[in-house]
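Novice: Okay, predicted coordinates and the sequence, questions at the end:
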Amino acid sequence: MSTYHEILGVGPEASQEEIKNAFRRRALECHPD
């Protein structure tokens with residue numbers, strides 16, 4: 001099972017800001033529109 005760090009492509013030492021940016025970037029890639 002993948003961790004959210006692997007899914008978002010950030011390391012476990014990533015800051016909250018880095019995680020948020022990676023999530024938004026991934027959400028745009030996966031959004032159907």
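Specialist: Cool, the structure landed. Numbers count the residues shown, from 1 in each chain.
Novice: Can you name the residues in contact with the longest helix along the chain?
Specialist: Ranked by number of residues, the top helix in the chain under DSSP state H is helix 16-30. Applying CB atoms under 8 Å, 6 or more residues apart in numbering, the contact partners of helix 16-30 are 4, 7-10, 14. All C-beta spots, glycine's among them, are computed from the backbone N, C-alpha and C.
Novice: one more time with 6 Å
Specialist: With CB atoms under 6 Å, 6 or more residues apart in numbering as the test, helix 16-30 has contacts from 8, 10.
Novice: quick one: buried residues of it?
Specialist: A22 (16 or more other CB atoms under 10 Å).
Novice: can I get the CA coordinates of that helix in CSV?
Specialist: Presented in CSV, the C-alpha positions along helix 16-30 are these (Å, rounded to 0.1, in the frame of the first residue of the first chain):
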residue,chain,number,x,y,z
GLN,A,16,3.0,21.3,5.1
GLU,A,17,3.4,23.8,2.3
GLU,A,18,5.2,21.3,0.1
ILE,A,19,2.5,18.7,0.7
LYS,A,20,-0.3,21.2,0.0
ASN,A,21,1.3,22.3,-3.3
ALA,A,22,1.9,18.6,-4.3
PHE,A,23,-1.7,17.8,-3.5
ARG,A,24,-3.0,20.7,-5.6
ARG,A,25,-0.8,19.8,-8.5
ARG,A,26,-1.9,16.1,-8.4
ALA,A,27,-5.6,17.1,-8.1
LEU,A,28,-5.3,19.2,-11.3
GLU,A,29,-3.7,16.2,-13.1
CYS,A,30,-6.5,13.8,-12.0
